[in-house]
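Visitor: Quick one, what's the 3D model for this:
(2 chains)
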2 protein chains.
Amino acid sequence: LPSMQTSGSKSCPCPSFKLREVASMYFTMIAVFLVILVVALQGSAPRGSDFPYKVPLDPRGLLELSWNVSYPEQAVHFQLLIRDLQFGLLFGMSDRGEFENADLAVLWSDGHNSYFGDAWSDAEGQLHMDSQQDYQLLGARRAPEGLYLLFRRAFSTCDPKDYLIEDGTVHLIYGILEKPVHSLQAINISAIHRGLQRVQLLKPNITIPELPSDMKTMEIVAPDVVIPSQETTYWCYMAELPDGFPKHHIIMYEPVITAGNEALVHHMEVFQCAAEFDSFPHYNGPCDSKMKPDRLNYCRHVLAAWAMGAQAFYYPEEAGLAFGGPGSSRYLRLEIHYHNPLVFKGRHDSSGIRLYYTATLRRYDAGIMELGLVYTPVMAIPPGEDAFILTGYCTDKCTQLALPAAGIRIFASQLHTHLAGRKVVTVLSRDGRERQVVNADGHYSPHFQEIRMLKEVVAVLPGDELITTCTYNTEDRSRATVGGFGILEEMCVNYVHYYPQTQLELCKSAVDPGYLHRYFNLVNRFNDEEVCTCPQVSIPQQFFSVPWNTFNRDVLKSLYGFAPISMHCNKSSAVRFPVRIASQP
Amino acid sequence: LPSMQTSGSKSCPCPSFKLREVASMYFTMIAVFLVILVVALQGSAPRGSDFPYKVPLDPRGLLELSWNVSYPEQAVHFQLLIRDLQFGLLFGMSDRGEFENADLAVLWSDGHNSYFGDAWSDAEGQLHMDSQQDYQLLGARRAPEGLYLLFRRAFSTCDPKDYLIEDGTVHLIYGILEKPVHSLQAINISAIHRGLQRVQLLKPNITIPELPSDMKTMEIVAPDVVIPSQETTYWCYMAELPDGFPKHHIIMYEPVITAGNEALVHHMEVFQCAAEFDSFPHYNGPCDSKMKPDRLNYCRHVLAAWAMGAQAFYYPEEAGLAFGGPGSSRYLRLEIHYHNPLVFKGRHDSSGIRLYYTATLRRYDAGIMELGLVYTPVMAIPPGEDAFILTGYCTDKCTQLALPAAGIRIFASQLHTHLAGRKVVTVLSRDGRERQVVNADGHYSPHFQEIRMLKEVVAVLPGDELITTCTYNTEDRSRATVGGFGILEEMCVNYVHYYPQTQLELCKSAVDPGYLHRYFNLVNRFNDEEVCTCPQVSIPQQFFSVPWNTFNRDVLKSLYGFAPISMHCNKSSAVRFPVRIASQP
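Guide: A predicted model of the protein is given here:
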């Protein structure tokens, strides 16, 4: 009954397009009988076991994406499992998960034949076939659980309509076709079931360090939580190390996720509590509950963090994260973010994180250092900006004083901003020249904050400078966004994981407040405004009263680029290293 | 004796590089016997007659480049005549004619075999083979006059090392290999004979209008000039129309160049003198001579302009440039720029311009309108800038008042700045949205100012806005560059040629001087400087006394982007249309 066509394929994606019918399928109204077709394309397609990374795309778990990354080929191989195929689907990537200006692979059926193609959507969301086909179909396979589609995409293509796959977050989008469509152009992208999933597509190609024979495991899981029937829940659970638990090194950790809840558990973190309190209450409930004891706010030292799509996290062979022993709290707080947009009721969950640790301490303790901007309102973003940039410095003077002569090695990084953050990057500068990108995310989302292992360990020497730049979008805001702890205030932070641990916990900057005062004077005079810039008015209030226009915005930008900075170069003991004011490079 | 090898060629430039030996030649120490080899590559190579554009590359005329442009293929075919081939040559393109970061086609010989390849030079001038070969050799042909090399280059390749061929000026570079070289890497680019030539590579594909049967010609040539033995000479020659010469329309003009002087005649212009003087002296000599009568400064109205590499200039079928008749001067000034870097002595020249004109007047008189910035010091460029941008507006209010209801049609454009100019672009904006590029030159050189026919005629309606943006480089200057007439002052002008002629001769803007005054106050206060900003100090003096730093530079940029503008919307009679101050869009 079903017909079958194959087409030759060129090994080189030339800009000559021909719509190729790659598979022919037979559809009934309810059941789908699929014809399996494989288009052999430059080498054989990878097997199922060759896809180490996996993430559910939709909250019902109908679409499951597996992938691998080939750095020599500069390409990603995707395997997409479609559990209940109807008339096709869209899968693709876009800047921030929007369906306009997106790069899409589309499988669609008119009820008789089905087609696969590389397409793009314009600014109005209308689909167009790409002139160059860069999602290369490698195969389709019918299995009891659904249809497997196998395809390949180079990181970078020559097609300006294509998404450039880069390090950091990638916003994957999907859409499900529930009715037959007669052409690609006929797909109404706003009328289909659709959604987005954020992943780090380009996982680093890390050699897994050898694990010691005396390695033990400990599961920090919240036992039998009933996931609340609401879109977003942060669940808090307190765990406790055994009494007298001596110092160990955490050398690895991985997620433990209750089967069936893979699409609901969005991210999890294990925090260690402050050592100055002898005990903490055993809480198990929503983190925002009024019942939550205030003391849990003192459990903020990150021991482990996992987010959807992430794998196990390995410490480098020479280092481990210390926990246990004197001077360290026995109390741990597990925080789980449940994302339940379909508002499932009564789902039970016992997810958490499994720590792998050893009593045979490794050579170095690992540490976490905070780079970026000080939490202060002097760093602000005007309203209505699509891409306003703030920069925080860890200066040469600070690293000179605080780092050991042999330097430190950064092996992982967690980027952090609040809701307006759109991009974060930290670069290492030596002798005034940029040498290396420590970590960059050009599609950063505050909703997807992972600890990421770096592709390459970054060596930082005394005298080096670490420059962290954050880009913010405040188009939806009508007043200035100032730096601070509030959810509507902003941060620009890179938590870098490194060894050997030093006393430097914090290496951040902010603009010199005296220069900011000159700015307020200047814009008020220029704009002929009678605004009080007297010292008793708070800095946020002064920012809120600036009459924002392109001039005042541009001059603030210029000020941040020009004015001297105030450095925070802090030891663990919260004592500052004696570096206070430095001129910018 | 000579061996010969051919190699297959792929029709698709994949990023897999293999050094291909394409020709094998036999070299002796003095004479060269060449083996002719043609690599057939996607279709046959164009014939010699298919290269309508021609330019000498070097001042001795050893290298002569001919080319054609295929817009359907988005490619240029080059034919390079090498008159006295020794051990090869370099030919290529770079941003501004430099040999660093250049895109090069290289023919080189080790004395036994010769090779051709697509190469690039890094920031130190070291040559590297390109990973993707985008200069495609189509053939080599030995002729009595020399070796012809035929090759093809797409406008745009996917290779980031390649130059992007765009509209406007292209800086061609060449180098001559006088010794054998054993590899591409062994070529020392700083030790070879080399030079640059500017051309408009992407000539517009104009349909030549029908010429009337009563067309007459007139040659404006400077008879028997002895070209001075110095690098640069501007030669002035006065010509005179016959007494009682009635109004005619110039409908075309072309260069007349004395044979053998093709590499010396750099550019030529014919100006008409001011009608208010009854007569002008018959001068024939250098334009900068003390003997030159001052009255020649009143001969500034451009009738015709030609620069190296340009073809004949055709007016559109419906329009002609009026000359002769009452109210128009009978006196013309021819200006020839001789470029004689090898300081040849005693060369005789009788070059000039041949005008084609008709007494049967066409439907419309053509006009020239000046767009961009007013010649005023309020528009200034700080010192030390690599790309400082100034913008001049011809506002909707001015076009609303001054243009006829049916609008005007721009068919040609001549961009103009002084020595710091690097880019010029004019865009047409309608209802606040950019609609069309009128003329753009991203590699503009003040040493290469042609009247260029536009690829497409641009219709400008009342209410449209014409925005002209110039980019300047002042890295070699230590004080601010202000707007003005002086050679070290700057201009930002686009002379657009259009029809039907209107009374609007000038549609330009500058920043509102009151806001500039606020700027001087502001930077002086911010920087705690005691600089006098009193009105008796001239604007250039105030600019010269600004303590330049990134803040003062950025705030000036912001001011130019924000402050209201003062419009000059002038009739021919030098009376302004009643538009004075307009806010920026």
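Visitor: Distance of the residue of the stretch 301-450 of chain A at minimum distance from chain B relative to A:L419?
Guide: Closest to chain B within the stretch 301-450 of chain A is A:P382: 12.6 Å, counting by CB to the nearest CB. Using the backbone N, CA and C atoms, a C-beta is placed for each residue, glycine as well. Separation of A:P382 from A:L419 (CB to CB, to the nearest Å): 16 Å.
Visitor: for A:T232, same thing?
Guide: Distance, A:T232 to A:L419, by CB to CB: 13 Å.
Visitor: what about those two, which has more around it?
Guide: Each of A:T232 and A:L419 has its neighbours counted (other CB atoms under 10 Å in any protein chain shown); A:L419 has more, 17 against 13.
Visitor: Find me the pLDDT at the nearest residue to that one once chain neighbours are set aside, would you?
Guide: The shortest distance from A:L419 to any residue other than its chain neighbours is 5.4 Å, reached at A:P446 (CB to CB, 6 or more residues apart in numbering or on different chains). A:P446 is assigned 89 on the pLDDT scale.
Visitor: unless I'm mixing things up, A:P446 is touching A:V424, no?
Guide: No: look at A:P446 against A:V424 with CB atoms under 8 Å: they stay out of range, at 9.9 Å.
Visitor: what residues are shared contacts of the two?
Guide: By CB atoms under 8 Å, 6 or more residues apart in numbering or on different chains, A:P446 and A:V424 have these common neighbours: A:T417.
Visitor: If you average the pLDDT over stretch A:182-196, what comes out?
Guide: Computed over stretch A:182-196, the average pLDDT equals 92.
Visitor: more neighbours, A:P446 and A:V424?
Guide: Here A:P446 and A:V424 are compared on neighbour count by other CB under 10 Å; more neighbours surround A:V424, at 26 against 17.
Visitor: who does that one bridge with?
Guide: Counting by DSSP bridges, A:V424 forms beta bridges with A:D441, A:C470.
Visitor: Next one: it from A:S190, what distance?
Guide: As judged by CB to CB, A:V424 and A:S190 stand 31 Å apart.
Visitor: Kindly report the same for A:A412.
Guide: From A:A412 across to A:S190, the span is 40 Å (CB to CB).
Visitor: Between these two, point out the one with more neighbours.
Guide: More crowded of A:A412 and A:S190, by other CB under 10 Å: A:A412, with 23 against 10.
Visitor: Compute the number of surrounding residues for A:R330.
Guide: Per other CB under 10 Å, the neighbour tally for A:R330 reads 20.
Visitor: mind checking how far it is from B:V427?
Guide: Distance from A:R330 to B:V427, by CB to CB: 68 Å.
Visitor: A:E178 too?
Guide: Counting by CB to CB - A:E178 and B:V427 are separated by 45 Å.
Visitor: who's more crowded, these two?
Guide: Taking other CB under 10 Å, A:E178 and B:V427 do not tie; B:V427 has more neighbours (17 against 12).
Visitor: How many residues are close by the residue nearest to A:G327 when sequence neighbours are not counted?
Guide: Take A:G327 and drop its neighbours on the chain: the residue closest to it by CB to CB, 6+ apart is A:A275, 5.8 Å away. By the criterion of other CB under 10 Å, A:A275 has 14 neighbours.
Visitor: so who does A:A275 touch?
Guide: Applying CB under 8 Å, 6+ apart to A:A275 gives the contacts A:327-329.
Visitor: Check the gap between A:F99 and A:E276 for me.
Guide: 50 Å.
Visitor: Between these two, which has more neighbouring residues?
Guide: Comparing A:F99 with A:E276 by other CB under 10 Å, the one with more neighbours is A:F99, at 19 against 7.
Visitor: in stretch A:161-172, what's buried?
Guide: For stretch A:161-172, the neighbour count (16 or more other CB atoms under 10 Å in any protein chain shown) marks A:161-163, A:165, A:167-172 as buried.
Visitor: before we move on, what about stretch A:240-249?
Guide: A:241, A:248-249.
Visitor: Ramachandran angles for the residue of the stretch 301-450 of chain A closest to chain B?
Guide: Dihedral angles of A:P382 (phi, psi; degrees, to the nearest 10) stand at phi -60, psi 160.
Visitor: Looking at the stretch 401-550 of chain A, what residue ends up closest to chain B?
Guide: With CB to the nearest CB as the measure, A:T550 is the residue of the stretch 401-550 of chain A nearest to chain B, at 5.1 Å.
Visitor: count of neighbours near that residue?
Guide: Number of residues near A:T550 (other CB under 10 Å) recorded here: 13.
Visitor: Now do the same contact list for it.
Guide: Counting by CB under 8 Å, 6+ apart, A:T550 touches B:558, B:561-562.
Visitor: What about chain A: which of these touch it?
Guide: B:558, B:561-562 (CB under 8 Å from any CB of the partner chain).
Visitor: so who does A:I173 touch?
Guide: Contacts for A:I173 (CB under 8 Å, 6+ apart) come out as A:90-94, A:97-99, A:102, A:104, A:194-197.
Visitor: at 7 Å what do you get?
Guide: A:92-94, A:97, A:99, A:102, A:194, A:196 (CB atoms under 7 Å, 6 or more residues apart in numbering or on different chains).
Visitor: Give me the pLDDT for it.
Guide: On pLDDT, A:I173 comes in at 97.
Visitor: A:H416 pairs with what?
Guide: Taking DSSP bridges, one obtains A:V493 as the residues bridged to A:H416.
Visitor: Around chain B, which positions in chain A sit nearby?
Guide: A:12, A:14, A:158, A:518, A:522, A:526, A:549-551, A:554-555, A:558-559, A:561-562 (CB under 7 Å from any CB of the partner chain).
Visitor: From the residues you listed, pick the one nearest B:L57.
Guide: Taking CB to CB as the measure, B:L57 lies nearest A:C158 of the residues of chain A next to chain B, at 30.8 Å.
Visitor: in which helix or strand would I find the closest one?
Guide: Per DSSP states H and E, A:C158 falls between elements, in no helix or strand.
Visitor: if I look at it, how far off is B:N188?
Guide: 33 Å.
Visitor: The two: who's more crowded?
Guide: When neighbours are counted by other CB under 10 Å, A:C158 and B:N188 differ, and A:C158 comes out ahead with 17 against 12.
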